[in-house]
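Enquirer: One predicted model, sequence on top.
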Amino acid sequence: MRVVIIGAGTGIGKTHLGVALLRALVAEGTPAVGLKPIESGIGLGRSDGELLAEASMFHVKPSQPYAFARPVSPHLAARETGVTIQLATCQAWVDAHQAPWTVVESAGALLSPLGGGLTNLDLARALAPGALLLVALDRLGVLHELSACLLALRVLGPELPPPLVVLQAPELSDASTGSNGFELVELGIVGETLAVPRGEAGGDAVQNAARQILARLRQRKASIAG
């Protein structure tokens, strides 16, 4: 199962979710690998790619296709270093990891640019995932953010699997936190949402949420296979 994690915005906890899912898979004895083919800000502490690799049971092949030092949008970092991000390169690197479960994290949000006319949505399409997780923060504005992302997916990526929306608890709650999941379903924006609390990725509460997400992904896979 190849799972692509993409965001409705930046800095919303995609890596936190990816690490939590990997730890849950490894804990149950399922070989899994976590990958981030494009990343900027390398060298400022442990990278997202390193955190995903550390949580993996399956070996991560060296090295990330596109790893940039400058903590800016990957398209800017690539331009500054004279590099053009190629989807085929990312796809080949991800394909080289033949684990039963592969968790791939994008760099930035759904429509964040990777180059001229190229976004993370195009990366998701190139990777042809079996499941897509769309992550957003449970805060004011998330109804619009997810509505815009879902519209973009319907128009630009109809071949992708319907995303499973995951709401991450924000660092600072607001008046909408805790009710957005209900509103997303009540308004017909999505059919369901799942939630991940704050805390260590290996903590009991987060791991419980990760197991629920994995169970839902497996249910979806079984329904498609059936």
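Expert: It's in. Residues are numbered from 1 along each chain as shown.

Enquirer: CA atoms for contacts and neighbours, from now on please.
Expert: Will do.

Enquirer: Buried residues of whichever helix in the chain runs longest, list them for me.
Expert: With DSSP state H applied, the helix covering the greatest number of residues in the chain is identified as helix 204-225. Burial within helix 204-225, assessed by neighbour count using 16 or more other C-alpha atoms under 10 Å, is assigned to 206, 207, 208, 209, 210, 211, 212, 213, 214, 217, 220.

Enquirer: Output the residues you listed in CSV, with pLDDT and distance to residue 36 appended to each entry.
Expert: Shown next, in CSV, are the buried residues of helix 204-225 (pLDDT from 0 to 100; distance: C-alpha to C-alpha, whole Å):
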residue, pLDDT, distance to residue 36
206, 97, 21
207, 98, 21
208, 97, 24
209, 98, 22
210, 98, 19
211, 98, 22
212, 97, 23
213, 98, 20
214, 98, 19
217, 96, 20
220, 88, 24
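
Enquirer: what's around the residue lying closest to residue 115 once chain neighbours are set aside, how many residues?
Expert: Here the nearest residue to residue 115 in space, its sequence neighbours aside, is residue 75; by C-alpha to C-alpha, 6 or more residues apart in numbering that works out to 5.0 Å. For residue 75, the number of neighbouring residues by other C-alpha atoms under 10 Å comes to 20.

Enquirer: Next, the contact list for residue 75, please.
Expert: Taking C-alpha atoms under 8 Å, 6 or more residues apart in numbering as the contact definition, residue 75 lies against 85, 113, 114, 115.

Enquirer: elements contacting the longest helix of the chain?
Expert: Helices and strands in packing contact with helix 204-225 are listed as helix 14-27, strand 193-196; criterion 3 or more C-alpha pairs under 8 Å, 6 or more residues apart in numbering; DSSP states H and E.
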